[in-house]
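Engineer: here is my input; please provide its structure:
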Amino acid sequence: MKHHLGILCALLASISAFGQSTVQNGATVPNIAIEKPVVGIVFPDNEHDFGRVSISGGLLTHHFEFVNTSQTDVFIIGSLSSCSCTKVTYPKTPIRPFAKGRVTVTYDPVGYPKGELKRRVRLETTGAQQFVPIWFKADIY
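Structural biologist: Here you go, the predicted structure:
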């Protein structure tokens with residue numbers, strides 16, 4: 001009996017550690033926050049490292065691949081970069097459900113300080129995730 005009482009106390013303590021709980025079909029079930037999947041434009045790899053590059057090496061370009069994970073068309077309606085040294089091109093047509101596409105980011109290091117940098121590009125979309133960030137970094141010498 002003491003053994004069963006100890007198990008019951010441990011179970012109740014673990015349930016209270018999760019916060020509130022609800023009763024479903026006579027059983028106490030903890031309310032656990034479940035992370036919802038992102039719906040809209042999703043980048044499997046949303047950061048790119050150009051590595052160590054010369055300031056006189058020319059433009060740095062990377063293509064970020066994405067997929068529309070929603071059940072509806074999504075438009076990329078704009079982009080905002082953290083630096084005027086960065087140009088962004090993206091599809092101007094609707095991205096169909098579950099279709100793939102790409103965003104091209106080009107960085108021009110000429111005229112900017114040497115050293116490590118990290119830049120963000122924010123894409124504005126019509127999807128559930130209205131603002132989608134992508135990043136690039138480099139060590140300019």
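
Engineer: and the helices in this protein?
Structural biologist: Per DSSP state H, the chain carries helices over the ranges 2-17.

Engineer: can you pull out the strands in it?
Structural biologist: Remark: strands assigned in the chain by DSSP state E are 21-24, 27-30, 41-42, 47-53, 60-68, 76-81, 86-89, 100-107, 115-125, 131-140.

Engineer: need the pLDDT of residue 111.
Structural biologist: Residue-level confidence at residue 111 comes out at 83, pLDDT.

Engineer: how many residues are close by the residue nearest to it when sequence neighbours are not counted?
Structural biologist: Taking C-beta to C-beta, 6 or more residues apart in numbering as the measure, residue 111 lies nearest to residue 85, with 7.6 Å between them; neighbours along the chain are not counted. For the C-beta atoms, the positions are set from N, CA and C on the backbone; glycine is no exception. Summarising burial for residue 85: neighbours were counted as other C-beta atoms under 10 Å, giving 17.

Engineer: relative to residue 127, how far out is residue 85?
Structural biologist: Shown here: residue 85 relative to residue 127, a distance of 28 Å by C-beta to C-beta, to the nearest Å.

Engineer: with residue 113 instead?
Structural biologist: Between residue 113 and residue 127 the distance is 35 Å, computed by C-beta to C-beta.
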